[in-house]
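Undergrad: Sequence first, then the predicted structure, then my questions.
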Amino acid sequence: MSKQIVTMTINGKKVEKAVEPRTLLIHFLREEMVLTGAHIGCETSHCGACTVDVDGKSIKSCTHLAVQCDGSEVLTVEGLADKGVLHAVQEAFYQEHGLQCGFCTPGMLVRAYRFLQDTPDPTEEQIRMGMAGNLCRCTGYQNIVKAVQSAAKKLKAQTKESVAA
Amino acid sequence: MNAPLKDRQAALQGMGESRLRKEDARFIQGKGNYVDDIKMPGMLFMDIVRAPVAHARIKKINKEAALAIPGVHAVLTADDLKPLKLHWMPTLAGDVQAVLADEKVHFQMQEVAIVIADDRYIAADAVEAVVVEYDELPAVIDPFKALEQDAPILREDLAGKTEGAHGKRYHHNHIFTWDSGDKEKADAAFSAAQVTVEQKMFYQRVHPCPLETCGCVASFDPIRGELTTYITSQAPHVVRTVVSMLSGIPESKVRIISPDIGGGFGNKVGIYPGYVCAIVASIVLGRPVKWIEDRIENLSSTAFARDYHMTGELAATNEGKITGLRVNVIADHGAFDSCADPTKFPAGMFHIVSGSYDIPAAYCRVDGVYTNKAPGGVAYRCSFRVTEAVYLIERMVDVLAQKLNIDKAEIRRKNFIRKEQFPYTSAFGFEYDSGDYHTALDKVLNAVDYKGLRKEQAATRANPNSPTLMGIGLVSFTEVVGAGPSKICDILGVGMFDSCEIRVHPTGSAIARMGTITQGQGHQTTYAQIIATELGLPSEVIQVEEGDTSTAPYGLGTYGSRSTPVAGAAIALASRKIHAKAKKIAAHLLEVSENDLEWEIDRFKLKGDDSKFKTMKDIAWAAYHQPPAGMEPGLEAVHYYDPPNFTYPFGIYLCVVDIDKATGETKVRRFYALDDCGTRINPMIIDGQIHGGLTEGYAVAMGQQLTFDAQGNIQGNTLMDYFLPTAVETPKWETDFTVTPSPHHPLGAKGVAESPHVGSIPTFTSAVVDAFAHLGVTHMNMPHNAYRVWQQLQASGVTS
């Protein structure tokens, strides 16, 4: 099958690759870019294990083609930490025991990251609704909700600090 | 200078602490190592051609078009596996299962052929290009119909075989009859009973559906004759033994590695055709071969759970004291009996069915039956059919309470095994280790103001304008976990012990290797806590490794809540061997007798003298540097723990639901879960396990079901249809506990992760049925989704 060149920025780095047009974004990330954080859980957009951030939106990368992301900014779980410092959502999932087997976690974190950008001061109901595209079989969501609440607080405090500075 | 005792204690982060999880760092940064993350040089991909029909003869398989696709290396069918004698394989239940359909298809989505290609896309193309011609046969989906005299013979390979792995087969589609208890005594109790009740119930076919599907990467090295296989297995050592037996490769040259596992819940105990095929393909092609199931394959072909058609009967006095129990089950095992149970127990631990109650006479019988459905019958987050048993007895107690018009808390209190009766031997012969059911029940009833809830319910029932029906569910379950004593429990002849090897390094850090394998339970965190407390070394410097059969001691794996009851005990006892040696070294270093020493948190000290001591860290150095004359250097131990008994965790769960009279939608207003798992190792992790188990229980009770049409087409095998609750539907959980240690476990721990699944499912049914109890409804089959509840609203005349 003839290949097509795609150019995108992944976790801040510009990449250019030739891909088959039918290559799914999740396979492109996992197999071409060796970013194996995002996972495949259902192939039908239901479970959210494959969630990555494309141009400021949460995307289920198992039903998205790599060629659709030509020219896009892509953020995966591997890009959340900043120079070795964990992002607030990562730290909060750790502190609040928001993960068990870890399989849904990369998708959850990237979704939580985007959700809190869009909804910096969420109610519990908003969190449950905002995270409903990501399934977890282990935690029963209770500690995930707590983690998102705690990350929201921390992010707000960080925003205040940076404004004050 | 001696740090204060409590600081030294805290520094260990040992048992009882809510220590944060050691495994999280890799998972939150996308650096987990799951099977599909594994890449090997020259690796090929395998995909499976599956049957579109449930029962058929295979007329012809045409591979040509598939083989013509560039990048396709091989297409293999049962005929290709025949010369290797690998077209059929033994199951853990004493049956055989076709690795690839051999002349006949027995269920829809059965494995018919495999294709091996350069990448997964080409493999998928090749699957489409394999043309299989079928002659369809009538499919049998209903196990009762399967047992009719003129039912089609499903397993022609067993034709004429009247003896199965578990005794006589009385019909061509019959697998086994298994019974327990004393039938005569039970019958006598029923003859003499003042009151009897009977209830039929169907525990629907469900699937554990972990978020990661099953898969493996098999790599055979033809030069060395070594086979390495990465596999999503809850029991890697058992897999190694089976693979060695099947392939003839010596066990020493088979290395099975369970990497990070994305949830198991019983789905990853069995050995599936896909694994065998990938291994064969790697041997045939001399290259690594990866096989990863997709979700449809996972839900359609690997390891379903339940599918029990149960009839329960209770005999009792007019006051509600239970005098007898009888249970009859038709168990649909699908096309092959590939249950994962201890070998001697074809219905697992179903005979825990007398529950938390002191029932003098009891009898149960289970008949296994073949149908044209996927094979299995695994323990979905439970210990071998305990979920089915607990469901039955809890439903029956409710039914009896209703018949006698006794409150469901009261009838339980009346029949509980009393605290002073432990150890208690049940009518089925289980020796319950410890329990205090009355205290736990009272704690829950007080916490939720049970009387207040009943008053509110009465008021709601009296109000014709109430938009909702209110139901209160109550369950008091006892589990039997930690399989198990090897005198009765084995898998393929291997006793169900488990193991631990600990090495303390010269500078006082340590590594522990185990025969179990974590799938989210947090073993790397909690096992280290046990060692920390036992040895006085900080858990932070204790590494825990599992899952690699070349490095870990042999163990039977993680399922049936056996990690803490069995492996946890092995850890404690291996630690104690080290502790005993350390004491000798300390005595030598301090030039005193061992009898003059006492242990204090992290050190041996001279009795009554805080200034004379040696810490475990000091001792570790000495063990390698200057051990006493005549003593072997080093500080390590191995322990294989064969439990003397099972453990019996219990709990009291209460649930309040409000059912919309117009739509049938059921809202869980409150769910209060009290668990007693004996000694608690990490409360944070226990709570997390309980939240997760309750959520899985909610899913089963309220929405999960694998259904089939009359032709055997599986309906709803994607996440579009198969119910996995999101954060929106999932109720908020309240947890509580009591602590009744197990008297025979070295730590007093009983295991916890499955209790919430086992206990919550009947609680939801109890609550939903309770909402209709005043209308004479005694039972409703799961799942209690809005449509089915709405049907009951109609049938009961609540809505028109």
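TA: Received the coordinates, thanks.
Undergrad: Can you name the residue of chain B nearest to chain A?
TA: Nearest residue of chain B to chain A, counting by C-beta to the nearest C-beta: residue B:30, 2.2 Å away. All C-beta atoms are positioned from the backbone trio N, CA, C, and that covers glycine.
Undergrad: Distance check, residue A:101 against chain B.
TA: From residue A:101 over to chain B the distance is 3 Å, taken as C-beta to the nearest C-beta, to the nearest Å.
Undergrad: Could you measure from that residue over to residue A:108?
TA: 12 Å (C-beta to C-beta, to the nearest Å).
Undergrad: doesn't the residue of chain B closest to chain A fall inside a strand?
TA: No: counting by DSSP: H, G, I helix; E, B strand; the rest coil, residue B:30 is not found in a strand; it is coil.
Undergrad: centre of the chain versus the longest helix along chain B, how much separation?
TA: Counting by DSSP state H, the longest helix found in chain B is helix B:569-590. In terms of C-alpha atoms, centre = their mean, to the nearest Å, the centre of helix B:569-590 is set 34 Å apart from its chain centre.
Undergrad: Flag every buried residue along that helix.
TA: Buried positions in helix B:569-590, judged by neighbour count with 16 or more other C-beta atoms under 10 Å in any protein chain shown: B:569-575, B:578-579, B:581-590.
Undergrad: Now do the contacts for the residue nearest the centre of chain A.
TA: Nearest residue to the geometric centre of chain A (C-alpha atoms, centre = their mean): residue A:110, 2.0 Å. Residue A:110 makes contact with A:38, A:51, A:52, A:53, A:58, A:75, A:76, A:77, A:80, according to C-beta atoms under 8 Å, 6 or more residues apart in numbering or on different chains.
Undergrad: how does chain A divide up, domain by domain?
TA: Using automatic domain parsing, the domain ranges for chain A come out as A:4-79, A:88-158.
Undergrad: want to throw those domains into TSV with mean pLDDT?
TA: Formatted as TSV, the domains of chain A follow (pLDDT from 0 to 100):
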stretch	mean pLDDT
domain A:4-79	98
domain A:88-158	98
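Undergrad: before we move on, the earlier item: return the list of helices and strands in contact with the longest helix of chain B.
TA: Contacts defined by 3 or more C-beta pairs under 8 Å, 6 or more residues apart in numbering or on different chains; DSSP states H and E place helix B:569-590 against strand B:498-504, strand B:510-514, helix B:523-535, strand B:597-600, strand B:603-606, strand B:609-615, helix B:616-625, strand B:636-641.
Undergrad: what about the residue in chain A positioned nearest to chain B, how many residues close to it?
TA: Distances between chain A and chain B by C-beta to the nearest C-beta are smallest at residue A:37, namely 2.2 Å. The local packing of residue A:37 (other C-beta atoms under 10 Å in any protein chain shown) involves 24 other residues.
Undergrad: Hmm, residue B:30 and it touching each other?
TA: Yes: the pair residue A:37 and residue B:30 qualifies as a contact (C-beta atoms under 8 Å) at a distance of 2.2 Å.
Undergrad: got any residues that touch both of those two?
TA: Going by C-beta under 8 Å, 6+ apart, residues that sit against residue A:37 and also against residue B:30 are A:76, A:77, A:78, A:106.
Undergrad: can those go into a markdown table with extra columns for secondary structure?
TA: Shown next, in a markdown table, are these (three-state DSSP):
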| residue | secondary structure |
| --- | --- |
| A:76 | coil |
| A:77 | helix |
| A:78 | helix |
| A:106 | helix |
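Undergrad: so which helix or strand takes in the residue nearest to the centre of chain A?
TA: helix A:105-118 (DSSP states H and E).
Undergrad: Three-state assignment for residue B:756, please.
TA: Residue B:756 is classified as helix under three-state DSSP.
Undergrad: What segments of chain A are strands?
TA: For chain A, the strands defined by DSSP state E occupy A:4-10, A:13-19, A:51-54, A:57-60, A:73-75.
Undergrad: just the helices in the stretch 651-800 of chain B please.
TA: Per DSSP state H, counting those that start in this stretch, the stretch 651-800 of chain B carries helices over the ranges B:683-702, B:755-772, B:786-795.
Undergrad: Give me the buried stretch members for the longest one, please.
TA: For helix B:683-702, a neighbour-count test (16+ other C-beta under 10 Å) marks B:684-702 as buried.
Undergrad: What is the burial count for the closest residue in space to residue B:426 that isn't next to it in sequence?
TA: Nearest non-adjacent residue to residue B:426, counting by C-beta to C-beta, 6 or more residues apart in numbering or on different chains: residue B:354, 5.0 Å away. Burial measure for residue B:354: 26 neighbouring residues, criterion other C-beta under 10 Å.
Undergrad: now the one 5 residues further on
TA: Burial of residue B:359 is recorded as 26 neighbouring residues (other C-beta under 10 Å).
Undergrad: go on, residue B:620?
TA: 24.
Undergrad: Could you do residue B:5 as well?
TA: 12.
Undergrad: ok, now which ones touch the closest residue to it other than its chain neighbours?
TA: Spatial nearest neighbour of residue B:5, chain neighbours left out: residue B:601 (6.5 Å); criterion: C-beta to C-beta, 6+ apart. Residues in contact with residue B:601, defined by C-beta under 8 Å, 6+ apart, are B:5, B:8, B:9, B:12, B:536.
Undergrad: Looking at chain B, which residue reaches furthest from the middle?
TA: Chain B, farthest from centre, C-alpha atoms, centre = their mean: residue B:591 at 50.9 Å.
Undergrad: Can you pull the phi and psi angles for the residue nearest to residue B:261 when sequence neighbours are not counted?
TA: Distances taken as C-beta to C-beta, 6+ apart put residue B:519 closest to residue B:261, at 4.1 Å, once the chain neighbours are dropped. Here is the backbone geometry of residue B:519 (degrees, to the nearest 10): phi -130, psi 30.
Undergrad: mind listing what the nearest residue to residue B:738 once chain neighbours are set aside touches?
TA: Leaving aside its sequence neighbours, residue B:738 sits nearest to residue B:676 (C-beta to C-beta, 6+ apart; 4.6 Å). Residues in contact with residue B:676 (C-beta under 8 Å, 6+ apart) are B:435, B:436, B:440, B:649, B:650, B:651, B:737, B:738, B:739, B:740, B:750.
Undergrad: let's see it at 10 Å
TA: B:434-437, B:439-440, B:478, B:648-652, B:736-741, B:750, B:752, B:755 (C-beta atoms under 10 Å, 6 or more residues apart in numbering or on different chains).
Undergrad: What count of nearby residues applies to the closest residue to residue A:69 other than its chain neighbours?
TA: Leaving aside its chain neighbours, residue A:69 sits nearest to residue A:8 (5.1 Å; criterion: C-beta to C-beta, 6+ apart). Neighbourhood size, residue A:8 [other C-beta under 10 Å]: 21.
Undergrad: Restrict the contacts of residue B:601 to the buried ones and give me that as a PyMOL selection.
TA: The buried residues among these can be selected in PyMOL (16+ other C-beta under 10 Å) with this line:
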select buried, chain B and resi 8+9+12+536
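Undergrad: Looking at the contacts of residue B:601, which is nearest residue B:381?
TA: Among those, residue B:12 lies closest to residue B:381 (C-beta to C-beta), at 31.2 Å.
Undergrad: In contact with the closest one, which residues are there?
TA: B:19, B:528-529, B:531-533, B:535-540, B:542, B:601-602.
Undergrad: and residue B:674, what is it in contact with?
TA: B:439-441, B:443-444, B:447, B:476, B:650-654, B:690, B:734-738, B:759.
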